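Visitor: Next comes the sequence, and after it the predicted model I'd like to discuss.
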Amino acid sequence: MAKHDFIKKIVRDQLDRSLAIDPQVYDVLAKDLELKLEPVLRKATEFVRRENRDTLLAGDIIKGINFTAGKKSPRILIAHVTAGAGHQRAAEALGKVCKELYPDANVKLVDTLDYINTVYKKVYSNTYLAMVKHTPRLWGYFYERFDKDEDRLEDKLRQSMESLQAGDFRDFLDDFSPDMVICTHFLPMELISRWKKKRKSSLPLYAVVTDFALHTYWIVEEVNAYFVGNDDVARELQTRGAKVKDIYQTGIPIDPVFSNLPLQTEMRDKLGIERDLPTVLIMGGGYGMGDMASLLRSFRNTTLKMQLLVVCGRNEGLQQELSQIATSLPMPYKIYGFVNNVHELMKASDLVITKPGGLSSSEALAANTPMMMINPIPGQEQRNSDYLLENGAATILHQIPDGAYYVEKLLRDQDRLALMIQQTRKIGRQDAAYDIVRQSMQLSGLADLIEAET
């Protein structure tokens, strides 16, 4: 290419062609471009060397441009998977906190399945949802079957299949070139781990375990730190071979709105419900929790004065059915469809009947609301249930058609209910998302970088 051809083309595209151009214009522009590119390329090269890579990526140049322009914009990737709502809600909570604490950061939430082969994505997501909804015992069998060290062969085969299907995700990592990654599901952890090894990258990778028990799938190489819900998970990571020294017992991240909840009476006033009546919240969950109709019918014969809040989610047919059943109840009630104020409903309640998912349980604990668990899915929910029962923050309902009897029995036992509330305060963590984000930023060095540039 002739001298300054690239610059000449730009000038001709930008200027009125009727203007004559002195040749020295090109020399001046070339020198100016050289002066501006030098610090950008120098900084981009530092990023490459810091991560022990041998390839300069587009993301390195973007970070170099931002750095030389004085923009304090670390690139933070939060990766999840939509196989179950909890992983996504945890990621969303972390994203909200990142933007609150570090408003200049470039925060990107990604569903890893969006970058996977379409057929594989449907198999991965739909198989899980179908199994937990229609054949939960089968899901429980697979959960336990693949939580054993001797099954590492099947684990490796699964990892190889995922790796073959994830080319677009690896391309995304190259393009976005994050400064830090937080994962709320083990699939992106595995993919990023292999990406790090292939690129010889030192990219900080942090894992957030979203249940109160550990499965072997969470034990992944190249993870720099784990954030867990309790000391049992921390110990299991250590005893089961996780090659990481930094394990933080932060709790499971929930929406930051749970960090500053009003008094129960204030919340009841806001919801327009009776201030002085015992209040029971029934939540169906994303996949249904069994026979909600039978549960609601059981309240026809209660003698204790109380009020019910019932959340049906996006199941419009269920909402219509329960609304009809509720007309025969001898108590005040409200039937909701999909809601975005779970924090208000939980705080307004004396008891929440729900499935023991990691996120919903953590939310109830943060609201200091005891739980009555129903139909835990064999596997992770069963282990969550065991943890909550052992710690006295929950009870379990086995006989759904007789649910009201056990609810009334618990509400009448004020000493037991008070003890359960005390236990929710003991093990609940309202600020888990804040603790995880702050600690991740410190471990990665991004917090110091932002402070130095401020």
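Guide: Thanks, I have the structure now. Small disclaimer: the values here were computed from a predicted structure and weren't measured.
Visitor: Not counting its neighbours along the chain, what's nearest the spatially most central residue of the chain?
Guide: Geometric centre of the chain, nearest residue: residue 90, 2.2 Å, by C-alpha atoms, centre = their mean. Leaving aside its sequence neighbours, residue 90 sits nearest to residue 184 (C-beta to C-beta, 6 or more residues apart in numbering; 4.2 Å). C-beta: built from backbone N, CA, C; applies to glycine.
Visitor: mind listing the strands for the protein?
Guide: For the chain, the strands defined by DSSP state E cover 75-80, 106-111, 180-183, 205-208, 225-228, 246-249, 279-283, 307-311, 333-336, 351-354, 371-374, 394-397.
Visitor: Any chance of the ones you listed in CSV with mean neighbour count, distance to residue 262 and mean pLDDT as columns?
Guide: Output for these, formatted as CSV (neighbours: other C-beta atoms under 10 Å; distance: least, C-beta to C-beta, whole Å; pLDDT from 0 to 100):
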stretch, mean neighbour count, distance to residue 262, mean pLDDT
strand 75-80, 25, 29, 95
strand 106-111, 19, 28, 94
strand 180-183, 28, 30, 97
strand 205-208, 28, 28, 97
strand 225-228, 25, 28, 97
strand 246-249, 16, 28, 95
strand 279-283, 26, 15, 96
strand 307-311, 23, 17, 96
strand 333-336, 18, 19, 94
strand 351-354, 25, 17, 96
strand 371-374, 24, 21, 95
strand 394-397, 20, 24, 96
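Visitor: Between those, which one is closest to residue 361.
Guide: strand 371-374 (6.7 Å; C-beta to C-beta).
Visitor: how much space between the closest residue in space to residue 283 that isn't next to it in sequence and residue 405?
Guide: Among residues not flanking residue 283 along the chain, residue 354 sits closest, at 4.3 Å (C-beta to C-beta, 6+ apart). Going from residue 354 to residue 405 by C-beta to C-beta, to the nearest Å gives 18 Å.
Visitor: Domain-wise, how is the chain divided?
Guide: Following automatic domain parsing, the chain resolves into domains at 1-33, 75-256+432-453, 262-427.
Visitor: Tell me where the model's unsure across the stretch 1-150 of the chain.
Guide: 1-4, 50-51, 59, 62, 66-72, 84, 117-150 (pLDDT under 70).
Visitor: Do you have the helices of it handy? List them.
Guide: Taking DSSP state H, counting those that start in this stretch as the criterion, the stretch 1-150 of the chain carries its helices at 5-14, 24-50, 58-68, 85-101, 118-134, 136-145.
Visitor: try the stretch 351-454 of the chain
Guide: 358-366, 380-390, 403-412, 414-427, 432-444, 446-453.
Visitor: okay, the ones you listed, which one's buried deepest?
Guide: Ranked by mean neighbour count, those are led by helix 358-366 with a mean of 27 (mean count of other C-beta atoms under 10 Å).
Visitor: Quick one: residues in contact with that one.
Guide: The contact list for helix 358-366 (C-beta atoms under 8 Å, 6 or more residues apart in numbering) reads 85-86, 89-90, 210-212, 229, 251-252, 254-255, 258-259, 261, 283, 285, 342-343, 346, 352, 354, 370-371, 380, 384, 388, 393-394, 424, 427-430, 432.
Visitor: now the helices for the stretch 151-300 of the chain?
Guide: Under DSSP H, counting those that start in this stretch, the stretch 151-300 of the chain gives helices at 152-165, 167-176, 186-199, 231-239, 264-271, 292-297.
Visitor: right, and those helices - which one's nearest residue 328?
Guide: Nearest of these (C-beta to C-beta): helix 292-297, 8.1 Å.
Visitor: Show me what the closest one is packed up against.
Guide: On a contact count with 3 or more C-beta pairs under 8 Å, 6 or more residues apart in numbering; DSSP states H and E, helix 292-297 meets strand 279-283, strand 307-311, helix 316-326, helix 403-412.
Visitor: rerun at 7 Å
Guide: With contacts taken as 3 or more C-beta pairs under 7 Å, 6 or more residues apart in numbering; DSSP states H and E, helix 292-297 sits against helix 316-326.
Visitor: Pull the number of nearby residues for residue 35.
Guide: Using other C-beta atoms under 10 Å, residue 35 has 9 neighbouring residues.
Visitor: Spit out the contact partners of it.
Guide: Not one residue lies near residue 35 by C-beta atoms under 7 Å, 6 or more residues apart in numbering.
Visitor: How about residue 199?
Guide: residue 53.
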